[in-house]
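A.B. asks: How does the following fold in three dimensions:
(one chain, ligands or ions: 1)
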Amino acid sequence: MSMSNIATYPSSQVEAIHGNFQGKDIVSLDQFTVGDLYMVFNLALKMRELVLTSEPSQILAGKVISLLFFEPSSRTFGSFASAVKRLGGQTLDIQNPEMVTSVHKGETFEDTIRVFEAYSDAIVLRHPRSGAARAAAEAARFVPVINAGDGTNEHPTQTLLDLCTLYERFGRLDHLTGLLVGDALNSRTMHSLMRGLSLFEHNRLYILAPDQLRLARDDFVACRSRGIELIEIASEREIPTNCDFWYWTRIQQERFSSPEEYQKLAAGKFVATPELLARYAKKDMILMDPLPRVGTIDPMVDQDERAVYLRSQIRNGLYTRMALLALIMGRA
Ligand code: NCD
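C.D. replies: Have a look, this model is predicted:
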């Protein structure tokens, strides 16, 4: 299991965006300034129009993007593939490279990256190893690498859509009170979201995690030093009633050494139910989840207007990834 994620990579080690996305790797949320985030959100709004009107686009015409996914994915893979196609580009779809490429014959990760950079204009990478996106960015000499989730470390493009969803709802990303629930130790979406929210002032996050899946201590300290007010709580009964959002996550089964270990910890998982919302959630909050939910949100909650995970949140994944690709390819 991972020990620390947020503290591992200081921002000095990643190339800052500073208003210029063209050709840059996207490895960590630490590369973004507030201005960079707004550039993505503003363009995402235009992408939304484009999608809603089914307007044909040539923004990525002539571009081929490799989608190299060493881990299962529905939303991230699907939305990246859709984003490229909606913008007139093409994809090289490689799911399970360890089964269907020369990785199976023993080819190294670095060689695999160099092969696919020869065939495409960007590589979108998901990998079970923390730090794999950075390693790929170093191996690729000619094309940018986009981190679509590396182990328990980060998932920066998920945070773009999560922040976009919060911004869309509240018109701001500061002075927010949130509740993060689930596998705080292993959830890369949580880790990147914390980094993102730390760019804005006066954000307070309550964290509700099973005892053995609490945020790594180094990450806790690193997050606090970034200015986020972090408060760990131990049970649903401690959920404050003033949260602007709840961010629910599953226990990350694939990060455990054995099914038995997972079973043991998953037994202590938290479940969002209509009763829980009725008791602790305010009227104008939103309930988010990067998904998949694995018994962690009662389907009865889906009807609640505040539940955005199958509505704006997943749709924003498409719009923000379209925006990001256009910016990186210098076609915005
Ligand atoms: C997340 C991931 O893969 O990290 N899913 C996603 O990309 N939407 C969350 C998860 O798998 O639990």
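A.B. asks: Centre-most residue in the protein?
C.D. replies: The centroid of the chain falls nearest to Gln158 when counting by C-alpha atoms, centre = their mean (2.3 Å).
A.B. asks: what does the stretch 151-300 of the chain put close to the ligand?
C.D. replies: 155, 158, 188-189, 249-250, 290-291 (C-beta under 6 Å from any ligand atom). Placement of C-beta: from N, CA and C, glycine included.
A.B. asks: As CSV, the residues you listed with pLDDT would be great.
C.D. replies: Below are these laid out as CSV (pLDDT from 0 to 100):
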residue, pLDDT
His155, 98
Gln158, 98
Arg188, 97
Thr189, 98
Thr249, 97
Arg250, 94
Pro290, 98
Leu291, 97
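A.B. asks: How is this structure partitioned into domains?
C.D. replies: Following automatic domain parsing, one gets these domains for the chain: 16-154+317-328, 156-314.
A.B. asks: tell me how far the ends of the longest one are from each other?
C.D. replies: When you say that, I think you mean domain 156-314. Terminal residues of domain 156-314 lie 15 Å apart, using C-alpha to C-alpha, to the nearest Å.
A.B. asks: ok, the residue nearest to the centre of the chain touching Met190?
C.D. replies: No. In terms of C-beta atoms under 8 Å, Gln158 does not count as a neighbour of Met190; the distance is 9.7 Å.
A.B. asks: Distance check, the closest residue to Met288 other than its chain neighbours against Val181.
C.D. replies: Among residues not flanking Met288 along the chain, Tyr247 sits closest, at 4.9 Å (C-beta to C-beta, 6 or more residues apart in numbering). Distance of Tyr247 to Val181, computed by C-beta to C-beta, to the nearest Å: 7 Å.
A.B. asks: Equivalent analysis for Ser130, please.
C.D. replies: For Ser130, the distance to Val181 (C-beta to C-beta) stands at 22 Å.
A.B. asks: next one: Gln90
C.D. replies: From Gln90 over to Val181 (counting by C-beta to C-beta), the distance is 39 Å.
A.B. asks: Check whether the helix or strand containing Thr320 comes near the ligand.
C.D. replies: Element membership for Thr320, per DSSP states H and E: helix 312-328. No. Interface with the ligand: helix 312-328 contributes nothing (C-beta under 6 Å from any ligand atom), its closest point being 7.4 Å away.
A.B. asks: average pLDDT for that helix?
C.D. replies: Average pLDDT, helix 312-328: 98.
A.B. asks: for stretch 162-173, same thing?
C.D. replies: 98.
A.B. asks: Tell me the buried residues in that stretch?
C.D. replies: Across stretch 162-173, burial judged by 16 or more other C-beta atoms under 10 Å covers 162-170, 173.
A.B. asks: Where does pLDDT dip in this structure?
C.D. replies: For the chain, the stretches flagged by pLDDT under 70 are 1-13.
A.B. asks: For the ligand, see how far away the most far-flung residue of it relative to its centre is.
C.D. replies: Distance from the centre of the chain peaks at Lys105, with 30.9 Å (C-alpha atoms, centre = their mean). Counting by C-beta to the nearest ligand atom, to the nearest Å, the gap from Lys105 to the ligand is 27 Å.
A.B. asks: What separation do you get for the residue of the stretch 151-300 of the chain found nearest the ligand and Gln212?
C.D. replies: Relative to the ligand, the nearest point of the stretch 151-300 of the chain is Pro290 (4.1 Å; C-beta to the nearest ligand atom). Pro290 sits 21 Å away from Gln212, taking C-beta to C-beta as the criterion.
A.B. asks: Could you do Gln22 as well?
C.D. replies: Counting by C-beta to C-beta, the gap from Gln22 to Gln212 is 43 Å.
A.B. asks: tell me the SS of the residue nearest to Met288?
C.D. replies: Three-state assignment for Tyr247 (DSSP: H, G, I helix; E, B strand; the rest coil): strand.
A.B. asks: Can you tell me the number of residues neighbouring it?
C.D. replies: Using other C-beta atoms under 10 Å, Tyr247 has 26 other residues around it.
A.B. asks: same check, this time on Asp36
C.D. replies: 19.
A.B. asks: Would you confirm that it contacts Gly19?
C.D. replies: Yes. The criterion here is C-beta under 8 Å, and Asp36 meets it with Gly19 at 6.6 Å.
A.B. asks: What count of nearby residues applies to Ile228?
C.D. replies: Counted by other C-beta under 10 Å, the residues lying close to Ile228 total 20.
A.B. asks: Would you mind listing the residues in contact with the closest residue to Asp121 other than its chain neighbours?
C.D. replies: Counting by C-beta to C-beta, 6+ apart, Asp121 lies nearest to Lys63, which is 4.6 Å off, once chain neighbours are set aside. Applying C-beta atoms under 8 Å, 6 or more residues apart in numbering, we find Lys63 in contact with 84, 89-90, 121-122, 329, 331.
A.B. asks: Please indicate which of those residues are buried?
C.D. replies: 84, 89-90, 121-122, 329, 331.
A.B. asks: Redo the residues you listed as CSV? Include distance to the ligand.
C.D. replies: Shown next, in CSV, are these (distance: C-beta to the nearest ligand atom, whole Å):
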residue, distance to the ligand
Val84, 17
Gly89, 21
Gln90, 23
Asp121, 23
Ala122, 18
Met329, 22
Arg331, 25
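A.B. asks: okay, these in JSON lines with secondary structure and distance to Val115 next?
C.D. replies: Shown next, in JSON lines, are the buried ones among the contacts of Lys63 (DSSP: H, G, I helix; E, B strand; the rest coil; distance: C-beta to C-beta, whole Å):
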{"residue": "Val84", "secondary structure": "helix", "distance to Val115": "19"}
{"residue": "Gly89", "secondary structure": "coil", "distance to Val115": "20"}
{"residue": "Gln90", "secondary structure": "strand", "distance to Val115": "17"}
{"residue": "Asp121", "secondary structure": "coil", "distance to Val115": "14"}
{"residue": "Ala122", "secondary structure": "strand", "distance to Val115": "14"}
{"residue": "Met329", "secondary structure": "coil", "distance to Val115": "20"}
{"residue": "Arg331", "secondary structure": "coil", "distance to Val115": "25"}
